[in-house]
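K.L.:
I would like to see how this sequence folds:
(one chain, ligands or ions: 2)
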Amino acid sequence: MPAKLSVNLNAVAMLRNRRDLPWPSVTGIGRLALAAGAHGLTVHPRPDERHTRNADLPEIRALIDDEFPHAEFNIEGYPTEEFLRLVEKNQPEQVTLVPDDPAQATSDHGWNFAGQSNFLTPIVKRLKKGGFRVSLFSDADPAGIEAAANTGADRIELYTGPYGSFHDDLAGGRKELERLGKTAEAAVSAGLAVNAGHDLTVANLPALARRIPLLAEVSIGHGLTADALEYGMPETVRRFLKACGW
Ligand SMILES: CC(=O)[C@@H](O)[C@H](O)COP(=O)(O)O
Ligand SMILES: NCC(=O)COP(=O)(O)O
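P.N.:
Ligands and ions are numbered 1, 2, ... in the order given. Next comes the predicted model:
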């Protein structure tokens, strides 16, 4: 199965929210990304709506349904009742559950699968019953994978923030990459597919794609949006796809 690039629109929404104006258009930039070859769109609506707003979700859903029916919509977030109802209303192909506190500046850790399995399992069951593919945000730690699989989830999403932080320390990056690789191998052995995301760039993607050949999807927002300010979104999507060898 060819891996997929899902463009996260949070950073575009953050820029849009600076003024009470409708540009940059979240769906307009999403359309450019999909037309250039991205396989899907991702958002992480936060409770304070600091960037992606709840009102953006039906518009992104309609964009994919009407113009890019083969693309996927991935909604990320912490599974409060409000979030789960938002997901059930907007019907994404994939839901990625992330253990973020509302006050967090950004996502910075995965689930404690062993300690939170009783919390996660019924939520995963509800989402699976609703027909959603479920992915769980995961640190680079093979020890937690069996518990992750036992929740009934379909995938993990490897948190690649620590890997991305080694942008000028190749040795440190290689150690983190190996932890990611071992975690991915454990996940595949446990019957889970493997996504990845957070602070991925054109520079650090090639090594990740080589180390994890069974990677199913990367979701990228911050670094891709930064490049799009320089190269434009279509060219940036093409650069990221090329970096992945996809
Ligand atoms: C879960 C994750 O690592 C990202 O998908 C998340 O979208 C980052 O959230 P912010 O865009 O709010 O930093
Ligand atoms: N799940 C990761 C994501 O969607 C985007 O993360 P980032 O590229 O904005 O760090």
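K.L.:
ligand 1 contacts on this protein?
P.N.:
Contact residues, the chain versus ligand 1 (Cβ under 6 Å from any ligand atom): 8, 10, 44, 46, 76, 98, 106-107, 137, 197-198, 219, 221. Heads up, the C-betas are built off the backbone N, CA and C, glycines and all.
K.L.:
mark which of the residues you listed are part of strands, please.
P.N.:
Members of these lying in strands (criterion: DSSP state E): 8, 76, 137, 197, 219.
K.L.:
whichever residue of the chain sits closest to ligand 2: neighbouring residues, count only.
P.N.:
Ligand 2 sits closest to residue 197 of the chain, with a gap of 2.6 Å, by Cβ to the nearest ligand atom. Burial of residue 197 is recorded as 27 neighbouring residues (other Cβ atoms under 10 Å).
K.L.:
before we move on, what about residue 80?
P.N.:
By other Cβ under 10 Å, the residues close to residue 80 number 11.
K.L.:
and if you look at the one 10 residues further on?
P.N.:
Taking other Cβ under 10 Å as the neighbour definition, residue 90 ends up with a count of 19.
K.L.:
got it, and residue 209?
P.N.:
Residues lying near residue 209 (other Cβ under 10 Å) number 18.
K.L.:
let me see the contact set for the residue nearest the centre of the chain.
P.N.:
Residue closest to the mean C-alpha point of the chain, counted by Cα atoms, centre = their mean, is residue 219 at 3.9 Å. Contacts for residue 219 (Cβ atoms under 8 Å, 6 or more residues apart in numbering) come out as 6, 7, 8, 40, 42, 74, 76, 96, 157, 195, 196, 197.
K.L.:
could you do residue 35 as well?
P.N.:
Neighbours of residue 35 in contact, by Cβ under 8 Å, 6+ apart: 68, 234.
K.L.:
offset the numbering so it begins at 52, please.
P.N.:
Got it, the first residue is 52 from now on, which makes the last one we talked about residue 86.
K.L.:
what's the host helix or strand of residue 177 packed up against?
P.N.:
Taking DSSP states H and E as the criterion, residue 177 maps to helix 164-180. If you count contacts as 3 or more Cβ pairs under 8 Å, 6 or more residues apart in numbering; DSSP states H and E, helix 164-180 packs onto helix 132-141, strand 145-148, strand 184-189, helix 196-201.
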